[in-house]
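S.K.: only the shape, not the letters, is given here:
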């Protein structure tokens with residue numbers, strides 16, 4: 001069973017790995033790719049911001065589904 005300290009440490013280390021120097025330079029390109037627009041277009045139009053949030057949520061949800069499925073399959077073989 002997963003305890004609360006394990007969950008907090010997993011979240012902490014996930015955030016720490018996201019903000020490492022090797023990842024920070026990738027974030028603007030990632031956001032631009034998800035938006036499909038430039039930063040100036042995002043500042044002018046609030047609908048573009050909503051599109052970014054929806055696309056980001058879909059991207060993260062898709063990755064979660066794939067990796068959880070792979071983990072379940074590997075556990076089933078184990």
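M.R.: Perfect, I can see it now. These numbers come from a predicted model, not from an experiment. Numbers count the residues shown, from 1 in each chain.

S.K.: can you tell me the SS state at residue 37?
M.R.: coil (DSSP: H, G, I helix; E, B strand; the rest coil).

S.K.: surely it touches residue 49?
M.R.: No: Residue 37 is beyond contact range of residue 49, at 9.9 Å (criterion: C-beta atoms under 8 Å). Placement of C-beta: from N, CA and C, glycine included.

S.K.: more neighbours, these two?
M.R.: Per other C-beta atoms under 10 Å, whichever of residue 37 and residue 49 has more neighbours is residue 37, with 16 against 13.

S.K.: and the next helix or strand past the helix or strand where residue 7 lies?
M.R.: Using DSSP states H and E, residue 7 maps to helix 4-18. Sequence order places helix 21-24 as the next helix or strand after helix 4-18, per DSSP H and E.

S.K.: so which elements touch that next one?
M.R.: Applying 3 or more C-beta pairs under 8 Å, 6 or more residues apart in numbering; DSSP states H and E, one finds that helix 21-24 contacts no other helix or strand.

S.K.: mean confidence score for it?
M.R.: In this model, helix 21-24 has an average pLDDT of 78.

S.K.: now do the helix holding residue 7, average pLDDT.
M.R.: The average pLDDT for helix 4-18 rounds to 84.
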